[in-house]
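J.: With the input below, show me the fold.
(chains A, B, C and D)
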There are 2 protein chains.
Amino acid sequence: MSTMTLLPVIDAAACCAPLTRDAMTQSQAEDLAKSLKAIADPARLRLISIIAASEGQEACVCDLTEPLNIGQPTVSHHLRVLTDAGFVTRSKRGTWAYYKLVPGALDSIARLLVTA
Amino acid sequence: MSTMTLLPVIDAAACCAPLTRDAMTQSQAEDLAKSLKAIADPARLRLISIIAASEGQEACVCDLTEPLNIGQPTVSHHLRVLTDAGFVTRSKRGTWAYYKLVPGALDSIARLLVTA
DNA sequence: TCCTTATATCGATGGATGTCAATTTTCTGT
DNA sequence: ACAGAAAATTGACATCCATCGATATAAGGA
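T.: Modelled structure (predicted):
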């Protein structure tokens, strides 16, 4: 049904100073927590890792299903979570779906965690 | 019972290159996921945030219970998760317990997320 | 020694989440 | 139009997790 239930990472990160500068509000904390939850999973971290190491930081689903030891529907599920969270984008070419890393998305999160 | 069920963040991060440099192994992904899960919660992010903004990056539990809108046992639970994950340390002085940010812990995680 | 305050632990519960098998959708060739 | 491949969706299930109330532990003061 609805894609995009989450605030894109970039937006979530654009607003505010590093975590350790000042106390966060509840909604800031909720936004960041959602982004972190999206990557706080072994399968999704490996997906990101493989995509990032690929040519043009883009990879076909067909190349993502085998290396992880999980079924195709589960891979599809994880890619959806990453897409909804704004870490990757999807583009379909022919029968194949390609997922590409959103430039700067991970860095936005990293910046928020860095000690001032 | 057992404190320290998790790999301290520092150790987990010391080993390896950024996420996006090369494909992660399953166990690397599991370790990083555990660290990320520990901070992927609004209450815990706010706890870290308040502690980090305090004098000496250290705060008493008594100052942490009120600002969050959750009960004292829940705060205690979250602090335990953060402690087990290696983001904070606990020291008891008199009746009070003080939690202190582990210097560099958040930065270790941030470094792993940064795009090469 | 009691009482009070501060913090941790225990047990239970409702909700979120990762995974799978089965099915559907979408696209390509023939 | 049909067959086949690639990927997404659905529904179910088991586990995990945040939260709470009640209780336990620990330390200080009267």
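J.: Name every strand pairing with the helix or strand that contains residue A:100 and say which way it goes.
T.: Using DSSP states H and E, residue A:100 maps to strand A:96-101. Taking DSSP bridges as the criterion, strand A:96-101 pairs within the sheet with strand A:58-60 (antiparallel), strand A:88-93 (antiparallel).
J.: Could you dump these into TSV with distance to DNA strand C, mean neighbour count and mean pLDDT added?
T.: C-beta coordinates here come from the backbone N, C-alpha and C atoms, glycine included. Putting the strands paired with strand A:96-101 into TSV (distance: least, CB to the nearest atom of the strand, whole Å; neighbours: other CB atoms under 10 Å in any protein chain shown; pLDDT from 0 to 100) gives the following:
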stretch	distance to DNA strand C	mean neighbour count	mean pLDDT
strand A:58-60	13	17	97
strand A:88-93	6	13	97
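J.: ok, so what distance separates residue A:85 from residue A:23?
T.: Residue A:85 is 24 Å from residue A:23, where distance means CB to CB, to the nearest Å.
J.: Residue A:61 too?
T.: Counting by CB to CB, the gap from residue A:61 to residue A:23 is 41 Å.
J.: Count the neighbours of the residue in chain A that DNA strand D sits nearest to for me.
T.: Per CB to the nearest atom of the strand, residue A:73 is where chain A lies closest to DNA strand D, at 2.9 Å. When neighbours are counted by other CB atoms under 10 Å in any protein chain shown, residue A:73 registers 9.
J.: Also residue A:33?
T.: 21.
J.: residues contacting it?
T.: Going by CB atoms under 8 Å, 6 or more residues apart in numbering or on different chains, residue A:33 touches B:40, B:41, B:42, B:45.
J.: which residues sit in contact with the last one?
T.: Pointing back at residue B:45 there. Contacts for residue B:45 (CB under 8 Å, 6+ apart) come out as A:19, A:24, A:29, A:32, A:33, A:36, B:39.
J.: on that earlier part again, so which of the contacts of residue A:33 wins on neighbours?
T.: Among the contacts of residue A:33, the one with the most neighbours (other CB under 10 Å) is residue B:45, at 25 neighbours.
J.: that older thread, roughly how far does the residue of chain A closest to DNA strand D sit from residue A:43?
T.: Using CB to CB, one obtains 12 Å as the distance from residue A:73 to residue A:43.
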